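> mind folding the following:
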Amino acid sequence: MHFKVGRLLCTILSIFICMVGFGDDTNLPPFKRLLLPHDISLDVPTSWIGFTPSMKAQIAATTQAAVDLSGLDYEVRQLNQLLDIRQPLTNSYARLILSVAVGERLTQLQVKALTKPELEELESEYKTNIETMAKQMTLRIIEWHPLERRDVNDKTYFVVRFVRSSPTVGQSTYVEMYQLHDADKSVNFSIEYRFADKVLWDAVWRRSLTSLRVGNPQRKDSRSTEFRSPQHKFAISYPENWQPLPQLGGRMVMHVGGRIGEQKASMNAIVSEDESFRVMKTEDYLGTVKQKDFLDIASLSMSEVKMHRWETKYEVGGQSALMFIYSGIVDGERQATLTVQTIKDGRLYTIAFNSPAGDFPVIYLELKHILDSFRFIK
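A predicted model of the protein is given here:
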């Protein structure tokens, strides 16, 4: 069995960078509730502060440098960091980080079903890669705790705990990380604090951890409109507040768009009919289609095109399908596109979602929820 632990390790690597806090508020602060994308919420101390843009850039640069030197692949760019705050005392250090990665295929049932040998294999991979990254930053792991599974508010998490050395001579840092795999996303929530200050920060961390809630994909507007095409034999539902957009080309059956919360997105459906599709099965198409063909076509209308995901074992409308995600620059802005294709009864169906690349990770699960409503009709 091979486990992909890169996304969690990216978070670990980013918090290896030890920053001192600032400010002079020595009181334990009250808590406030944060509502984050992907239906995530938790309590955090109100006085804790975020990093400045320049400090974030420094952390990102150091993280990327260590990744490159380690030779390990961590899928860094797939992480969407939703929270990164630190305590404000000048003579102490503690930091909370929460990140989300989309595209996970491991379910909660699979996490709970892992055997002891599989957990030991997973732990070995975590430990080896963490030690490799620490070495690249001239740090070392002082104490390692066995990998655990723990339940937090009806969700099962992997828990990684260790003590590492600190850039400050004579000090060490405690790190505790919770990783949730839940269908099509993973959530990484972590604390690190100066080991000598455990009495100050451990209770604060436990309060935030026990308040953590991860629900189903956000549906900021649960009302939806159904599009039905008796001619092309399919139906799909989308947010009620979305409006029709111009149809581009004769094969485009529908084109709508609008907002999901504060983010923007659009969706279109193209149906192509050809005699070849009457003798070709979806499996035949999936066996011959190539990423390069789509990248070449996309390059005609956008620059710096990148393929981020390519999956030939997807499913839509109860059928096998191709799903891929790519991005490119249009009019100076990077756009992300999720596309699904399948063949049925002599027709090639193409459903595509588009949004600004910065918005895409936040609303990915909502777009997938829309896609899940696609079905064939008689």
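
> and the closest residue in space to residue 49 that isn't next to it in sequence, which of the three is it?
Excluding the flanking residues, the one nearest residue 49 by C-beta to C-beta, 6 or more residues apart in numbering is residue 88, at 5.7 Å. Backbone N, C-alpha and C define where each C-beta goes, glycine included. Classification of residue 88 using DSSP: H, G, I helix; E, B strand; the rest coil returns coil.

> what about residue 88, how many residues close to it?
Residue 88: 18 surrounding residues under other C-beta atoms under 10 Å.

> next, the residue most central in space within the chain: phi, psi?
By C-alpha atoms, centre = their mean, the mean C-alpha position of the chain lies nearest to residue 101, the distance being 1.7 Å. Main-chain torsions, residue 101, degrees, to the nearest 10: phi -120, psi 140.

> show me the beta-bridge partners of it.
residue 79, residue 186 (DSSP bridges).

> quick check: it touching residue 82?
No - using C-beta atoms under 8 Å, residue 101 is not in contact with residue 82; the gap is 11.0 Å.

> in this structure, where's the longest helix?
Secondary structure of the chain per DSSP state H: the longest helix is helix 116-136.

> and the next element down the chain from that helix?
Once helix 116-136 ends, the next helix or strand along the chain (criterion: DSSP states H and E) is strand 141-152.

> who touches the helix or strand following that following strand?
Downstream of strand 141-152, the first helix or strand assigned by DSSP H and E is strand 155-165. Contacts of strand 155-165 with the rest of the structure, by C-beta atoms under 8 Å, 6 or more residues apart in numbering, involve 8, 12, 16, 108, 111-112, 122, 126, 130, 134, 139-145, 147-151, 172-182, 195, 214.

> who does whatever helix or strand comes next after strand 155-165 touch, helix- and strand-wise?
Following strand 155-165 in sequence order, the next helix or strand is strand 172-182 (DSSP H and E). Counting contacts by 3 or more C-beta pairs under 8 Å, 6 or more residues apart in numbering; DSSP states H and E, strand 172-182 is packed against helix 6-15, helix 108-113, strand 141-152, strand 155-165, strand 185-194, helix 198-211.

> to residue 274, which of those lies closest?
strand 185-194 (36.5 Å; C-beta to C-beta).

> can I get that closest one in CSV, CA atoms only?
Presented in CSV, the C-alpha positions along strand 185-194 are these (Å, rounded to 0.1, in the frame of the first residue of the first chain):
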residue,chain,number,x,y,z
LYS,A,185,-11.0,16.9,0.5
SER,A,186,-8.5,16.8,3.4
VAL,A,187,-8.2,19.2,6.3
ASN,A,188,-4.9,19.7,8.1
PHE,A,189,-5.1,21.5,11.5
SER,A,190,-1.9,22.0,13.5
ILE,A,191,-0.4,23.7,16.5
GLU,A,192,3.2,24.3,17.4
TYR,A,193,4.6,26.0,20.5
ARG,A,194,7.8,26.3,22.4
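
> show me what the closest residue to residue 252 other than its chain neighbours is bridged to.
Counting by C-beta to C-beta, 6+ apart, residue 270 is the residue found nearest to residue 252 once chain neighbours are left out, at 5.2 Å. Listed beta-bridge partners, residue 270: residue 252, residue 350 (assigned using DSSP bridges).
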